[in-house]
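Enquirer: mind folding the following:
(one chain, ligands or ions: 1)
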Amino acid sequence: MRIGFAGLGAIGAPMAERLAERHELKVWNRSPDKAAKFESEHPGVRAVATISELGVDCDAVVTCLPTSREVAAIASELAQVMSAGKLLVDCTSGDPGSSREIAATLAESGISFVDAPVSGGPPLARTGQLTVMCGGSEADVARAGEVVAAFAAKVVHLGPVGSGHAMKAINNILLAANILAAGEGLVTLARLGLDPRKAVEVLNASSGRSFVTESLIPDRVLTGTWPRLFRLALLEKDAGIAVDTAADAGIDHPVLDFVREEYRALRAELGEEADYLDPIRLAEQRAGVVLRG
Ligand code: NDP
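Expert: Sure, this is the predicted structure:
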């Protein structure tokens with residue numbers, strides 16, 4: 001297939017790498033130096049300077065951008081150059097309402113849209129093992145499946161356009177809640193003098209465990225490596241989408257509201273470049289302890 005890819009960020013770049021192994025790939029990035037570097041490191045890939053060049057002649061375009069706002073801007077440009085029957089696969093963690101609007105705009109030009117946000121982070125993108133949650137028609141999601149297969153181990157069709165983004169937002173607000181709770185819980189135990197590694201071992205053999213305690217804390221916190229793989233600002237954005245999604249569905253959501261407000265305050269305090277695990281580091285600093293083995 002001929003594929004265009006927009007957004008060579010922390011997770012977009014390894015996804016594009018996997019696509020380049022299977023497809024004819026063109027890449028576009030807001031900062032052109034990243035696209036040029038990607039082209040030089042991946043023989044056969046072509047970096048383009050404009051969205052129009054990206055969309056023309058492509059069977060599908062994949063977007064992986066911060067929010068649906070950037071996707072909407074690009075989609076309106078793509079609508080001018082992509083021919084009817086082509087496909088936009090949006091891997092951004094976007095919002096369901098915007099996705100429905102983008103899909104409607106593209107449909108006027110006969111272009112299909114599938115929301116296909118991903119989970120697993122850059123490490124699983126590198127190994128082609130992401131989970132992809134899709135919203136769209138049966139036929140469009142089947143076509144999107146052929147594209148995302150390059151970087152996905154699991155692809156689930158959840159419903160019409162917007163369903164993938166609703167699913168991703170709820171997943172990520174649960175992740176956000178678990179990060180805060182695990183951080184506060186573990187610094188409490190450390191302050192009491194318990195060995196953090198033993199505490200994590202017990203949690204992971206007990207009912208309080210989560211992906212945060214099973215994977216993120218052992219790999220990134222107890223080791224003291226703190227890699228910067230996912231910006232806190234993006235997780236705060238996801239928490240906001242989750243709250244709006246619950247409100248739109250008419251569901252009372254005091255817990256989700258609380259988590260969102262905590263992340264809003266953390267984003268203001270820690271800044272746009274903070275990593276999503278930095279709240280645990282902040283909890284350590286406030287408690288005067290370190291969570292190391
Ligand atoms: P990054 O912040 O690392 O990269 C963002 C990308 O979007 C860059 O290519 C950036 O270009 C581009 N961009 C930023 N602003 C604009 C704009 N106004 N117009 C066009 N392009 C723009 O983000 P990630 O790669 O981490 O995340 C991308 C999406 O994937 C987000 O929705 C995120 O929530 C989601 N996601 C991220 C995961 C992760 O672990 N990192 C995991 C799962 C989902 P430039 O290089 O010029 O800055």
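Enquirer: can you name the residue of the protein nearest the ligand?
Expert: residue 9 (2.0 Å; CB to the nearest ligand atom). Heads up, the C-betas are built off the backbone N, CA and C, glycines and all.
Enquirer: which residue is the nearest non-sequential neighbour of that residue?
Expert: residue 64 (6.6 Å; CB to CB, 6 or more residues apart in numbering).
Enquirer: isn't the one you found up against residue 10?
Expert: No. Between residue 64 and residue 10 there is no contact under CB atoms under 8 Å: 9.5 Å.
Enquirer: so which of those two has more stuff around it?
Expert: residue 64 (25 against 15; other CB atoms under 10 Å).
Enquirer: who are the contact partners of the more buried one?
Expert: By CB atoms under 8 Å, 6 or more residues apart in numbering, residue 64 lies in contact with 5-7, 9, 11-12, 15, 91-92, 118.
Enquirer: which two of those residues have the greatest separation?
Expert: 6 and 118 (14.7 Å; CB to CB).
Enquirer: so for the two, which residue has more residues nearby?
Expert: A direct count of neighbours by other CB under 10 Å for residue 6 and residue 118 places residue 6 higher, at 29 against 24.
Enquirer: just after the lengthiest strand in the chain, pick out the following helix or strand.
Expert: Across the chain, the longest stretch assigned as strand under DSSP state E is strand 152-159. Counting by DSSP states H and E, the next helix or strand C-terminal to strand 152-159 is helix 163-191.
Enquirer: for that following helix, list every residue counted as buried.
Expert: Buried residues in helix 163-191, counted by 16 or more other CB atoms under 10 Å: 163-180, 182-183, 186-187, 189-190.
Enquirer: now that helix against strand 152-159, angle please.
Expert: 120 degrees (axes from the mean of the first three to the mean of the last three CA atoms, to 10 degrees).
Enquirer: host element of residue 279?
Expert: Residue 279 belongs to helix 278-287, assigned by DSSP H and E.
Enquirer: now residue 3
Expert: Using DSSP H and E, residue 3 falls in strand 2-6.
Enquirer: near the ligand at all, that strand?
Expert: No. If you take CB under 6 Å from any ligand atom as the test, strand 2-6 misses the ligand, and the best it gets is 7.0 Å.
Enquirer: and that strand, how far from the chain's centre?
Expert: 18 Å (CA atoms, centre = their mean, to the nearest Å).
Enquirer: quick one, strands of the stretch 1-150 of the chain?
Expert: Using DSSP state E, counting those that start in this stretch, the strands of the stretch 1-150 of the chain run over 2-6, 24-28, 46-47, 60-63, 87-90, 112-115, 118-119, 130-135.
Enquirer: what helices or strands is the first one leaning on?
Expert: Put plainly, it is strand 2-6. Applying 3 or more CB pairs under 8 Å, 6 or more residues apart in numbering; DSSP states H and E, one finds that strand 2-6 makes contact with helix 12-22, strand 24-28, helix 51-55, strand 60-63.
Enquirer: list the buried residues of it.
Expert: Buried, per 16+ other CB under 10 Å, within strand 2-6: 3-6.
Enquirer: run through the residues of the stretch 101-250 of the chain sitting next to the ligand.
Expert: Residues of the stretch 101-250 of the chain lying near the ligand (CB under 6 Å from any ligand atom): 118-119, 121-122, 229-231, 234.
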